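Asks: generate a structure from the sequence data that follows.
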Amino acid sequence: MLSRACGSLHLYLFVNLSALEFSPVLGGLQVSFACGGAVGVVLLSAVWAGLGRAQSRGVSACPGLSLSALLCCCVSETLLDDFMLTHPIFLPPDKFQQVLLQQFRADGKQSEGWQGWDGADRKQTVLSVAFRYLETYRELLQEEGERSHQFPKELYLCAAQELSRYPELVEDVLKLQRWTEILQSQVEEDRDSKKKQVRPLFRHFRRIDACLQPREAFRGSDEIFCRVYTPDHSYVTIRSRLSCSVGEILALVREKLQYSEEQPARQGALVLVAVTSAGEKALFRPSDEAVFTTLGVNTHLFACEPQELETLLPLPEEIHWSPGDSKLHDMSAEEVSNQLVAFDWELFSCVHEVEFVCYVFHGEQARWRPLNLELVLQRCSEVQHWVATEILQCQSLPKRVQLLRKFIKIAALCKQQQDLLSFLAVVLGLDNPAVSRLRLTWEGLPGKFKKQFQQFESTVDPSRNHKSYRDLISSLRPPVIPFTPLLLKDLTFLHESCKTFHGDLVNFEKMHKVAEMVRTIRRYRSTPLALDSEPSPSHLQTKAYVRQLQVIDNQNLLFNMSCKLEPKDV
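Replies: You can find the predicted model right below:
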């Protein structure tokens, strides 16, 4: 449909879902163009055929409409990428796999829509799409165990049976065999518990040796250690899959507490609750999954009986604090910023690009939970509260001024190294009301640092849709670590501002815009990060400190600490 808005033409593409089970090309997946009363249909087989081929074929369009030919010639790669990144929104992966298998097996009358194609070309086109799918979703498919290799295995067996008729498929068959082996080897590795390394989640279970290791992407099948507390603040340590359900967590807790053996009548009587440092409680459903990565900075899991819910209190260390000198006084701003940037890059690199789509469009119902993305968001909140905690725990006014200077310098160095996640997090931490009200502390700051911080605040300014930040990031070349919450805000706005479905049609213009945002994220990571500075003798100590930040995230407590440092009547 062509519509005129703001003096420009906008092309709206729609995918026909009503014909999914009937049309032969991808089960009827079509891109429909409408201009007035004329409608043109471009079969995606034609677009996909453009990958690695000199031209596209199999295009049908209404007379007088030439957009289809333009699309196939110019944007076939972009359209395919759009589809691969966004199809879980409107076409479940299982259904997509079934359609690919169906189209590969189709012959004769079942192959309508492939007029002019010989059998080998048609099957190779389907396989090229399948390979693109496997390449895009490889890491996510590996999370699924046995389920992951069924599709490539079945497609491999089908292709192997066709070799006698189509010997030109031999390279594709070998490639499918390699894919089957890749996913099968992951399944076998997961089965072998001896090969499984129990991985700690930062914050919720700390180990110095583990935190110094480079971060790798979390998968749902990864096993972790986690503490689950009881109302009296005693705890049990459980070993669990990251993706396991609340019901499974409670079963592990019961086993530890020996509920299942000694008190069988209390089976199912426990509930799992997340308790924040401010005392807020969130009750999980037994079917909820992958709850570990959703916990806040100082949020802990409690298992209790339903009638004990109101008695749950935060851990004592989350309520009380003790003043003291910051370890930052003994560390250089350069070393701290380098470690912040390195850790942020590791976390950001672990996020699969499709996690952004799953987080916004599917939430808890997503087939692939955005585990690594949730950890990046947790880290952003952690750094903000770390800045406030360090300043407010410092009792000496001159030392607080020194900390302000150091944090402004850390922010400047993070910005210089294009880590906008920590840059904005540090600036927002300094803008925390509990910190910004410290008039005597800010008055002791040299004018040069005050001016620099004002410039940083203008970058963080959300007015005009964060124009200052957007101007900054658009001027940077990869590698870039973006401020992830704003990326999600943009995706959420796009999702909520226009419909995904129009009757039986999918708004493919919206899918294109979503894919463009994902490609922007891909571009940020297109060049590896290289830190030029040489590590200092104390870099391991600084590294451990940065990766295990001790923070207070209770805003009321932070404000009380601030008022004790500089009472309101001063």
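Asks: mind checking what helix or strand follows the helix or strand where D81 lies in sequence?
Replies: Secondary structure from DSSP states H and E places D81 in helix 76-90. As assigned by DSSP H and E, the chain's next helix or strand after helix 76-90 is helix 93-105.
Asks: quick one: the helix holding D81 to helix 93-105, angle?
Replies: 130 degrees (axes from the mean of the first three to the mean of the last three C-alpha atoms, to 10 degrees).
Asks: what packs against helix 76-90?
Replies: Other helices and strands packing on helix 76-90, by 3 or more C-beta pairs under 8 Å, 6 or more residues apart in numbering; DSSP states H and E, are helix 44-49, helix 119-141, helix 353-361, helix 508-524. All C-beta spots, glycine's among them, are computed from the backbone N, C-alpha and C.
Asks: sort out which residues of the helix or strand following the last one are buried, please.
Replies: Sequence-wise, the next helix or strand downstream of helix 508-524 (DSSP H and E) is helix 539-547. Residues of helix 539-547 classed as buried under the neighbour-count rule (16 or more other C-beta atoms under 10 Å) are T542, K543, Y545, V546, R547.
Asks: what separates helix 539-547 from the chain centre, distance-wise?
Replies: 25 Å (C-alpha atoms, centre = their mean, to the nearest Å).
Asks: average pLDDT across that helix?
Replies: Taken as a whole, helix 539-547 has a mean pLDDT of 91.
Asks: quick one: name whatever helix or strand follows it.
Replies: Sequence-wise, the next helix or strand downstream of helix 539-547 (DSSP H and E) is helix 555-565.
Asks: who touches that next one?
Replies: Residues from elsewhere that reach helix 555-565 (C-beta atoms under 8 Å, 6 or more residues apart in numbering): 277-278, 319, 321, 385, 388-389, 392-393, 395, 400, 432-435, 437-438, 441, 552.
Asks: quick one, phi psi at S245?
Replies: Per-residue torsions, S245: phi -80, psi 170 (degrees, to the nearest 10).
Asks: quick check, central residue of the chain?
Replies: L373 (2.9 Å; C-alpha atoms, centre = their mean).
Asks: rewinding a little: please indicate which of the contacts of helix 555-565 are buried?
Replies: Buried by 16+ other C-beta under 10 Å: 277-278, 321, 385, 388-389, 392-393, 400, 432, 434-435, 438, 441, 552, out of the contacts of helix 555-565.
Asks: list the residues that contact V271.
Replies: Contacts for V271 (C-beta under 8 Å, 6+ apart) come out as L250, L283, F284, A303, C304, E305, P306, L309.
Asks: how many residues are close by the third one?
Replies: Looking back up the chat, that one is F284. 19 (other C-beta atoms under 10 Å).
Asks: nearest to T78 among the buried ones among the contacts of helix 555-565?
Replies: Nearest to T78, judged by C-beta to C-beta, of the buried ones among the contacts of helix 555-565 is H385 at 40.9 Å.
Asks: if we can go back for a sec, who are the packing partners of whichever strand or helix holds the residue nearest to the centre of the chain?
Replies: L373 belongs to helix 371-392 when elements are defined using DSSP H and E. For helix 371-392, the elements it packs on are helix 333-349, helix 353-361, helix 397-416, helix 420-430, helix 433-436, helix 484-497, helix 555-565, judged by 3+ C-beta pairs under 8 Å, 6+ apart.
Asks: tell me what angle it forms with helix 420-430.
Replies: On the basis of the same axes, to 10 degrees, helix 371-392 is oriented at 40 degrees to helix 420-430.
Asks: could you give the angle of helix 371-392 to helix 353-361?
Replies: Using the same axes, to 10 degrees: helix 371-392 against helix 353-361 is 80 degrees.
Asks: so which of the helices and strands packed on helix 371-392 is nearest Q452?
Replies: Of all the helices and strands packed on helix 371-392, helix 397-416 sits nearest to Q452, with 5.9 Å by C-beta to C-beta.
Asks: what is the closest one packed up against?
Replies: When contacts are defined as 3+ C-beta pairs under 8 Å, 6+ apart, helix 397-416 packs onto helix 333-349, helix 371-392, helix 420-430, helix 439-443, helix 447-460.
Asks: and these as a markdown table, adding distance to P485 and mean pLDDT?
Replies: Output for the helices and strands packed on helix 397-416, formatted as a markdown table (distance: least, C-beta to C-beta, whole Å; pLDDT from 0 to 100):
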| stretch | distance to P485 | mean pLDDT |
| --- | --- | --- |
| helix 333-349 | 13 | 95 |
| helix 371-392 | 6 | 95 |
| helix 420-430 | 9 | 98 |
| helix 439-443 | 26 | 96 |
| helix 447-460 | 12 | 96 |
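Asks: about what we covered before: and of the contacts of V271, the nearest to S349?
Replies: F284 (29.7 Å).
Asks: correct me, but the closest one touches V246?
Replies: Yes - judged on C-beta atoms under 8 Å, F284 makes contact with V246 at a distance of 4.5 Å.
Asks: give me the common contacts of the two.
Replies: What both F284 and V246 touch, as defined by C-beta under 8 Å, 6+ apart, is the set L272, V291.
Asks: would you mark the buried spots in stretch 240-251?
Replies: Neighbour count says stretch 240-251 has S240, R241, L242, S243, C244, S245, V246, G247, I249, L250, A251 buried, by 16+ other C-beta under 10 Å.
Asks: which residues in the stretch 201-350 of the chain form strands?
Replies: Listed in chain order, the strands of the stretch 201-350 of the chain (DSSP state E, counting those that start in this stretch) span 223-229, 235-241, 271-275, 281-283, 300-304.
Asks: single out the most deeply packed of those strands.
Replies: Among the strands of the stretch 201-350 of the chain, strand 300-304 has the highest mean neighbour count (mean count of other C-beta atoms under 10 Å), at a mean of 23.
Asks: residues in contact with that strand?
Replies: 204, 226-231, 249-250, 253, 270-275, 291, 295, 311-312, 314-315, 318.
Asks: using PDB, write out the CA atom coordinates for it.
Replies: Taking Å, rounded to 0.1, in the frame of the first residue of the first chain, the C-alpha atoms of strand 300-304 are listed here in PDB:
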ATOM      1  CA  HIS A 300      17.300 -12.300  46.400                       C
ATOM      2  CA  LEU A 301      15.100 -15.400  46.100                       C
ATOM      3  CA  PHE A 302      13.100 -16.700  49.100                       C
ATOM      4  CA  ALA A 303      11.200 -19.900  49.500                       C
ATOM      5  CA  CYS A 304       8.400 -19.900  52.000                       C
END
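Asks: give me the mean pLDDT for that strand.
Replies: Computed over strand 300-304, the mean pLDDT rounds to 94.
Asks: ok, now stretch 462-475?
Replies: Stretch 462-475 carries an average pLDDT of 96.
Asks: that one: how far from the chain's middle?
Replies: The answer for stretch 462-475 is 22 Å, by C-alpha atoms, centre = their mean.
Asks: how about it: buried residues?
Replies: Of the residues in stretch 462-475, H466, S468, Y469, I473 count as buried by neighbour count, 16+ other C-beta under 10 Å.
Asks: ok, and the closest non-adjacent residue to the second one?
Replies: With C-beta to C-beta, 6 or more residues apart in numbering as the measure, T459 is the residue that lies nearest to S468, at 4.9 Å, once sequence neighbours are left out.
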